[in-house]
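1. Return a 3D structure for these sequence lines:
(2 chains)
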Amino acid sequence: MDFNRVSVVALTKPWMFRWLAYIGQLAILCGQTIYWICVPPFQTYRFLVQAKRIGPGSFLISAMVSFFIGMIIALQMAYLMVQLSAEIYIPNVIALSLTRELAPVLTALIVAGRIGAGVTAEIGSMVVTEQVEALKAFAVNPVKYLVVPRFLALVIMLPVLTIFADFIGIFGGYIICVKKLGINGVMYWQMVRDALHLKDIATGLIKTIFFAMVIAVVGCHQGLNVKGGADGVGTATTTAVVRSFILIIMLDCAFTFVFYFLFQS
Amino acid sequence: MIEIRNLYKAFNGKKILNGLNLTVRRGETKVIIGRSGVGKSVLLKNIVGLIRPDAGSIKVNGVEVTNLEEREYNKIRMEIGLVFQGGALFDSMNVGENVAFVLNEFMDLDKKTVDDRVADALALVGLKDVQDLMPSQLSGGMRKRVSLARVLCMEPQIILYDEPTSEVDPITAAALNNLIIEMRDKLKVTSIVVTHDMNMAYKVADSIAMFYHGQVIADGSVDEIRNSKHPVVYQFIHGEAHGPITEDESLVFGHIIQKK
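-> Predicted structure coming up:
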């Protein structure tokens, strides 16, 4: 069976159509959101409410996770590096793996689980209690009123959370390297600074902007399309988290692929 | 004025509105009666554009609205207030913020003016000192009254009421009836009131229309409907358990058999 034939067969599968249609709906909602961001009046208050909920509200959990991830990487690397007498390179590995990959992805997954689910549940319950219809009846666009503040707050706060996660994760690695592996503290920070380039941090942060868009659009889309009552809200919430996770990982893979070739030198 | 011609709407193949015709004159209060599920609320949502009809025409103040773009429809919506069946209050806002919603969204008013207008609107529906309560702290009837106050703040030309007196105590229901009558007499507001409450229908209506199988089967003055000999209308307005409606729906209401 040749490749083209396999592709055609795969494309005719109903689930494939459903996924393509779903991605199309997300793209339309994303387009509408970006359009409404540009249309005045700008609702700063609602944005700030969401930003507070997403940023400070998620800081502690993302900080804890990245702190322990930093420690775990240090210990896992020590297992191999000590055998090679190359433990001095552990700070480099910690810094690069956290800033390029782990901090952006893990923070996005935490926020998707915590905020994405909340967004779906909140908007979904508004749909089933006719509050979204009430918005339309009062000539208020639900995308402008509900999606735009959440979208903007996520797009701004997720990179901020990721920057903190980068630092806290590296600090977690510092604890293990200095206290357990006997690496000099000053040397640890020197190695981290030498290993990191602006592009490493930038690529991680660029990804988080797109992850934030995925979390916002998937969460809001699921919420706005809730069917039924409380049961429908529950199903939509679970679906939003699962789909956000899948799309974040897929997007991360695509970005890693692109960045690898873009910044190979 | 609202003019509806040959309106069709189906959900999952089930026809809810089936060539419905209805006219509501300017300043008139039209009461719509009919069994649950005959499309009364669907008609209200069609008028406001929350649901688009499959076919037919809806003219609001002479403007054909069925094909309007959202932006154009929003101008019409600012003239229509819909009081939702369940209230549809925004549960993240307190009562005061709910009632002030339209004022805060569309008008550049100072806080004192907004507060005064909110208090006035709440007083009209018999509520005071509830501005700081959250919707979850209100009874069903209070939610409905707050929902009406929110609409009154808009000062609309047309108000659509979806079962305004359900879950409301008789005294408040009577006060709401008086309010609807006052709105017509003093402010010349055009109203469509969907209700099952025949006492309310007789009290507030200029005319009553009965829906059955997605169509209007009777439309006339209060006396014409009250004295109608149409078997379907008769069974409904007299609230009889047996008759053409229940026979048509093959409904057999059970009886309690007492054990000896």
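2. residues contacting whichever residue of the stretch 151-260 of chain B sits closest to chain A?
-> Nearest to chain A, among the residues of the stretch 151-260 of chain B, is B:M154, at 7.5 Å (Cβ to the nearest Cβ). Quick note: C-beta positions are derived from backbone N, CA and C, even for glycine. For B:M154, the residues meeting the contact criterion (Cβ atoms under 8 Å, 6 or more residues apart in numbering or on different chains) are A:138, B:78, B:81, B:102.
3. quick one: which of these is most hemmed in?
-> Neighbours here mean other Cβ atoms under 10 Å in any protein chain shown. Within those, the largest count is held by B:G81, at 26 neighbours.
4. Kindly provide the whole-number mean pLDDT of the host helix or strand of A:T237.
-> Using DSSP states H and E, A:T237 sits in helix A:230-262. What helix A:230-262 shows for mean pLDDT is 90.
5. And that helix, what does it pack against?
-> Applying 3 or more Cβ pairs under 8 Å, 6 or more residues apart in numbering or on different chains; DSSP states H and E, one finds that helix A:230-262 contacts helix A:103-111, helix A:117-128, helix A:198-224.
6. mind checking which of those helices is nearest B:N21?
-> Across the helices and strands packed on helix A:230-262, the minimum distance to B:N21, taken as Cβ to Cβ, is reached by helix A:117-128, at 31.5 Å.
7. what separates the helix or strand A:V186 falls within from the chain centre, distance-wise?
-> Assigned by DSSP H and E, A:V186 falls within helix A:185-195. Using Cα atoms, centre = their mean, to the nearest Å, the mean C-alpha position of helix A:185-195 is found 28 Å from that of the whole chain.
8. In contact with A:L29, which residues?
-> A:L29 makes contact with A:143, A:147, A:217, A:220-221, A:224, according to Cβ under 8 Å, 6+ apart.
9. Check whether the residue lying closest to A:G232 once chain neighbours are set aside sits in a helix, strand or coil.
-> Taking Cβ to Cβ, 6 or more residues apart in numbering or on different chains as the measure, A:G232 lies nearest to A:V226, with 4.7 Å between them; neighbours along the chain are not counted. Of the three states, A:V226 takes coil according to DSSP: H, G, I helix; E, B strand; the rest coil.
10. what about A:V226, how many neighbours?
-> Around A:V226 there are 24 other residues, counting by other Cβ under 10 Å.
11. That one touches A:V127, doesn't it?
-> Yes: when contacts are counted by Cβ atoms under 8 Å, A:V226 is listed as touching A:V127 (4.7 Å).
12. ok so, going back, turn the contacts of A:L29 into a markdown table, columns for neighbour count, pLDDT and distance to B:K229.
-> Compiled in a markdown table, these are given as follows (neighbours: other Cβ atoms under 10 Å in any protein chain shown; pLDDT from 0 to 100; distance: Cβ to Cβ, whole Å):
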| residue | neighbour count | pLDDT | distance to B:K229 |
| --- | --- | --- | --- |
| A:V143 | 17 | 93 | 52 |
| A:V147 | 26 | 94 | 54 |
| A:V217 | 27 | 96 | 59 |
| A:C220 | 28 | 95 | 54 |
| A:H221 | 23 | 94 | 53 |
| A:L224 | 19 | 94 | 48 |
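13. hmm, who's touching stretch A:246-255?
-> Contact with stretch A:246-255 is made by A:101, A:104-105, A:108-109, A:112, A:203, A:206-207, A:210-211, A:214-215, A:218, as judged by Cβ under 8 Å, 6+ apart.
14. Going by neighbour count, list what's buried in that stretch.
-> Of the residues in stretch A:246-255, those with enough neighbours to count as buried (16 or more other Cβ atoms under 10 Å in any protein chain shown) are A:247-248, A:251-252, A:255.
15. Same question for stretch B:180-188.
-> B:180-181, B:183-184.
16. hmm, who's touching it?
-> Contacts of stretch B:180-188 (Cβ under 8 Å, 6+ apart): B:26-29, B:159, B:161, B:164, B:189, B:191, B:193, B:203-204, B:206.
17. Can you give the distance of it from its chain's centre?
-> The chain centroid and the centroid of stretch B:180-188 are separated by 16 Å, computed with Cα atoms, centre = their mean.
18. pLDDT (mean, whole number) over that stretch?
-> Averaged over stretch B:180-188, pLDDT sits at 84.
19. for the stretch 151-260 of chain B, what spans make up the helices?
-> Secondary structure of the stretch 151-260 of chain B (DSSP state H, counting those that start in this stretch): helices located at B:170-187, B:198-204, B:222-226, B:231-238, B:244-248.
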